[in-house]
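Mind folding the following:
(4 chains)
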Protein chains: 2
Amino acid sequence: MAGTSFAERTETRLDNAERLCAAHGSRLTDLRRQVLGLVLEAARPVGAYDLLDGLRADKKGAAPPTVYRALDFLLEEGLIHKIERLSAFVGCTHALDGSHTEAGHPHAAQFLICTGCGQVTELDDHGILHALIDATRHIGFTVRHSTVEAEGLCAACRDVATA
Amino acid sequence: MAGTSFAERTETRLDNAERLCAAHGSRLTDLRRQVLGLVLEAARPVGAYDLLDGLRADKKGAAPPTVYRALDFLLEEGLIHKIERLSAFVGCTHALDGSHTEAGHPHAAQFLICTGCGQVTELDDHGILHALIDATRHIGFTVRHSTVEAEGLCAACRDVATA
DNA sequence: TTCAAATATGTTACATTATAACGTATTTTG
DNA sequence: CAAAATACGTTATAATGTAACATATTTGAA
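From the prediction side, this is the model:
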């Protein structure tokens, strides 16, 4: 059993994740749970090699494939997202906090990256998704998955900048 | 002078690019012109190291920074875009083919990546941009730059798949 | 239950993408 | 022309990601 212990809120979310996995016949193993925990405990998007460092506190010989395989699994389950512009990963608030027992389906997700504080906010805005689908439909393109990432300033950082 | 010679259409677009640069006081040097030419001649998004190989046909000792510096310049000028999901670069049709003499301003740009044929189509759809701005405004986030990339099937590849 | 198949993880090596740091050349400007 | 700014050359290395194969664990069917 992994020695790492996480904050209570994180454990709750991990339990949610475990239920979601069970619900579609996949297993949130100790290793995967631990990697997801490390992602969730980070205040901001985490890189794969930061996660690897975190893992090594517990499992001395961990290597890159250990982390990447866990990340691939978590991405497929929709439990985390990859922020492409940052090559980093965040927990999916939609899946882990929401009342959505129907995970797995890739949902619309948009990410707001604040260049001031580094925080990333996840949106799940249907208007954006529909605008994208509308724009692509009439040229015959079928969207399977979309990446929407906006860089800018969050409310708090903008206020600081204006002051 | 660089020995590489490009198709006529490409030269035309390079001339456009040169005018755009001149219009805001930057220089499309031989090197930058050559890198842009290589991007434009590629049927699909090109990686930095593919460009490096292309460069080396002409300049034997070229090294990664040679290419990356040229790419940084071209990105800043809005002459190319980076497709984050592919770590690859495409010419900006908006800037190079359009009647838009007012380059430099980052415009709304969305990319449709066909997983069938690898082609990437650039959209410049205001509906998507506005949906994004609407969704972010009411939470106080100010968008400075956005990345929108959709993966799916273009009309041609979808027809093949359905057949 | 017991073995075969499927799944998950360990381990080594390497591929790909990107940048730091410093020196030289070229261009621009006073 | 000389100084400053800009662009480029060169070496080394950082950061991100994967291939390939071995071992362990779990699952499922006989």
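
which residues of chain A fall in strands?
Using DSSP state E, the strands found in chain A span residues A:80-83, A:88-91, A:110-114, A:120-123, A:142-153.

which helices and strands sit right next to the third one?
The criterion is 3 or more Cβ pairs under 8 Å, 6 or more residues apart in numbering or on different chains; DSSP states H and E, and the helices and strands that strand A:110-114 contacts are strand A:80-83, strand A:120-123, strand A:142-153, helix B:126-137. Every C-beta, even on glycine, is put in place using the N, C-alpha and C of the backbone.

Now mean neighbour count too, for those, in TSV please.
Output for the helices and strands packed on strand A:110-114, formatted as TSV (neighbours: other Cβ atoms under 10 Å in any protein chain shown):
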stretch	mean neighbour count
strand A:80-83	22
strand A:120-123	18
strand A:142-153	19
helix B:126-137	19
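
Do I have it right that residue A:118 meets residue A:83?
No - using Cβ atoms under 8 Å, residue A:118 is not in contact with residue A:83, being 10.9 Å away.

so what sits against both of the two?
residue A:45 (Cβ atoms under 8 Å, 6 or more residues apart in numbering or on different chains).

Spatially nearest residue to residue A:128 (excluding sequence neighbours)?
Leaving aside its sequence neighbours, residue A:128 sits nearest to residue B:131 (Cβ to Cβ, 6 or more residues apart in numbering or on different chains; 4.4 Å).

And for residue A:48?
residue A:67 (5.1 Å).

Residue A:22 too?
Closest to residue A:22 by Cβ to Cβ, 6+ apart is residue A:28, at 7.9 Å.

Now for the one you found, how many residues are close by?
Residues near residue A:28, counting by other Cβ atoms under 10 Å in any protein chain shown, number 22.

Check residue A:84 too.
There are 17 residues near residue A:84, going by other Cβ under 10 Å.

Next, the buried residues of the lengthiest helix in chain A.
If you go by DSSP state H, chain A has its longest helix at helix A:8-23. Neighbour-count burial for helix A:8-23, counted by 16 or more other Cβ atoms under 10 Å in any protein chain shown, picks out A:10, A:13, A:14, A:16, A:17, A:18, A:20, A:21.

Mind putting the residues you listed into JSON lines with pLDDT and distance to residue A:60?
Formatted as JSON lines, those follow (pLDDT from 0 to 100; distance: Cβ to Cβ, whole Å):
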{"residue": "A:10", "pLDDT": "96", "distance to residue A:60": "23"}
{"residue": "A:13", "pLDDT": "96", "distance to residue A:60": "27"}
{"residue": "A:14", "pLDDT": "97", "distance to residue A:60": "23"}
{"residue": "A:16", "pLDDT": "95", "distance to residue A:60": "30"}
{"residue": "A:17", "pLDDT": "96", "distance to residue A:60": "25"}
{"residue": "A:18", "pLDDT": "96", "distance to residue A:60": "26"}
{"residue": "A:20", "pLDDT": "95", "distance to residue A:60": "30"}
{"residue": "A:21", "pLDDT": "96", "distance to residue A:60": "27"}
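
one step back: in CSV, list the helices and strands packed on strand A:110-114 along with mean pLDDT and distance to DNA strand D.
CSV is the format used below for the helices and strands packed on strand A:110-114 (pLDDT from 0 to 100; distance: least, Cβ to the nearest atom of the strand, whole Å):
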stretch, mean pLDDT, distance to DNA strand D
strand A:80-83, 98, 7
strand A:120-123, 95, 15
strand A:142-153, 95, 13
helix B:126-137, 95, 24
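
May I see these organised as TSV, with distance to residue B:49 added?
Shown next, in TSV, are the helices and strands packed on strand A:110-114 (distance: least, Cβ to Cβ, whole Å):
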stretch	distance to residue B:49
strand A:80-83	22
strand A:120-123	29
strand A:142-153	23
helix B:126-137	31
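
Could I get the contacting residues of the residue in chain A sticking out farthest from the centre?
Distance from the centre of chain A peaks at residue A:163, with 32.7 Å (Cα atoms, centre = their mean). If you count contacts by Cβ under 8 Å, 6+ apart, residue A:163 has none.

And the pLDDT for the residue lying closest to residue A:50 once chain neighbours are set aside?
Among residues not flanking residue A:50 along the chain, residue A:42 sits closest, at 7.7 Å (Cβ to Cβ, 6+ apart). Here, the pLDDT recorded for residue A:42 equals 96.

burial of residue A:42, as a residue count?
Quick note: residue A:42 (other Cβ under 10 Å) scores 17 neighbours.

The one 3 residues further on too?
Applying other Cβ under 10 Å, we find 23 other residues in the vicinity of residue A:45.

What distance do you get for the residue nearest to it when sequence neighbours are not counted to residue A:120?
Leaving out its chain neighbours, the residue that sits closest to residue A:45 by Cβ to Cβ, 6+ apart is residue A:88, at 3.4 Å. As for residue A:88, its distance to residue A:120 is 8 Å (criterion: Cβ to Cβ, to the nearest Å).
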